[in-house]
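*Asks:* With the sequence up front, the predicted model follows.
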Amino acid sequence: MKHAIAVLCLAVATSLGAAEPDAPAFRTFPNPGNEWSSTDDGEVDDGQFSWRHYKHAKTGDVVACVAWHTPRLSIDSSPVRQASIETITSSGYAYALTRKLGQPIDDTVRHHVVSINVRNHSAGHKLNFRAIEYTYVYENGGDDSQSALAHGYVVVVGDFTIFIQHTANRVITSDIAQNMAMDVVISWSEKQKSIAKGWSVRISRPDN
């Protein structure tokens, strides 16, 4: 799958603070593909969070991308782990947008830390990003529809925690969310090292 990377340069002013709060910060949001269209009027930013949502033209699936400015947090921080449950809801949309909790999680199929390993062999660069990988089944809303299923990734890049979740009312694989998470870290690596080509990426899981 090919992904178009949209890179936004935004001024950050957040209650969490930063060494240089007025300095521009790069936030990268992948596009899941040609059959997906953005449901937002461009990037939406409330100062602490920014987000973009995509909806599939045929299936109605939703992919949410959320950036949270967290200069003092890591993937092991309690607030980040809690946010992996609450930031994107059963509707597939960010809580920061809807301000609605959605349906509770009925089953956590997986929720563990993985390593996204990025390499540029020609330049000799190796970068490792620790990420939360999860799969949730949400409680049924009481109608005849199927319970929502979500695959998601949470990864810290620089001063930002990035959330990507693919939500559907049908059985789906984690391929879209996984590929988008890998796109995020490759894009970040390209900027950090100023090298645009030659990068490869793989995910190492606890059972690998």
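*Replies:* Nice, thanks for sending it over. Numbers count the residues shown, from 1 in each chain.

*Asks:* Could you pick out the longest strand of the chain?
*Replies:* Taking DSSP state E as the criterion, the chain has its longest strand at strand 105-120.

*Asks:* What strands line up against it, and which way round?
*Replies:* Within its sheet, and counting by DSSP bridges, strand 105-120 is paired with strand 125-138 (antiparallel), strand 199-204 (antiparallel).

*Asks:* relative to strand 199-204, how tilted is the longest helix along the chain?
*Replies:* Taking DSSP state H as the assignment, the helix of the chain that covers the most residues is helix 175-193. Angular relation of helix 175-193 and strand 199-204 on a 0 to 180 degree scale: 130 degrees, by axes from the mean of the first three to the mean of the last three Cα atoms, to 10 degrees.

*Asks:* Could you give me the buried positions within helix 175-193?
*Replies:* Along helix 175-193, these residues count as buried under the neighbour rule (16 or more other Cβ atoms under 10 Å): 176-190. From N, CA and C alone the C-beta is placed, and that goes for glycine too.

*Asks:* circling back: let me know which of the strands paired with strand 105-120 is tucked in deepest.
*Replies:* Using mean count of other Cβ atoms under 10 Å, the stretch among the strands paired with strand 105-120 with the greatest mean number of neighbours is strand 125-138 (a mean of 19).

*Asks:* partners of the helix or strand following that one, with directions?
*Replies:* Next in sequence after strand 125-138, counting helices and strands by DSSP states H and E, comes strand 149-157. Pairing partners of strand 149-157, with direction, according to DSSP bridges: strand 125-138 (antiparallel), strand 160-168 (antiparallel).

*Asks:* any idea of the mean pLDDT for the last one?
*Replies:* For strand 160-168, the per-residue pLDDT values average out at 96.

*Asks:* what comes into contact with stretch 201-208?
*Replies:* Contacts with stretch 201-208, where a contact means Cβ atoms under 8 Å, 6 or more residues apart in numbering, come from 112-119, 133, 178, 182, 185-186.

*Asks:* thinking again about what came up before, could you name the helices and strands sitting against the longest helix of the chain?
*Replies:* Applying 3 or more Cβ pairs under 8 Å, 6 or more residues apart in numbering; DSSP states H and E, one finds that helix 175-193 makes contact with strand 5-11, strand 24-30, strand 62-69, strand 105-120, strand 125-138, strand 149-157, strand 160-168, strand 199-204.

*Asks:* got a list of contacts for that helix?
*Replies:* The contact list for helix 175-193, computed with Cβ under 8 Å, 6+ apart, reads 1, 3, 5, 7, 26, 28-30, 32-33, 63, 65, 116, 118, 120, 123, 125, 127, 129, 131, 133, 151-153, 155, 157-158, 162, 164-166, 195-196, 199, 201, 203.

*Asks:* try 7 Å
*Replies:* Applying Cβ atoms under 7 Å, 6 or more residues apart in numbering, the contact partners of helix 175-193 are 1, 3, 5, 7, 26, 28, 30, 32, 63, 116, 118, 123, 125, 127, 129, 131, 151-153, 155, 157-158, 162, 164-166, 196, 199, 201, 203.

*Asks:* Good, wrapping up.
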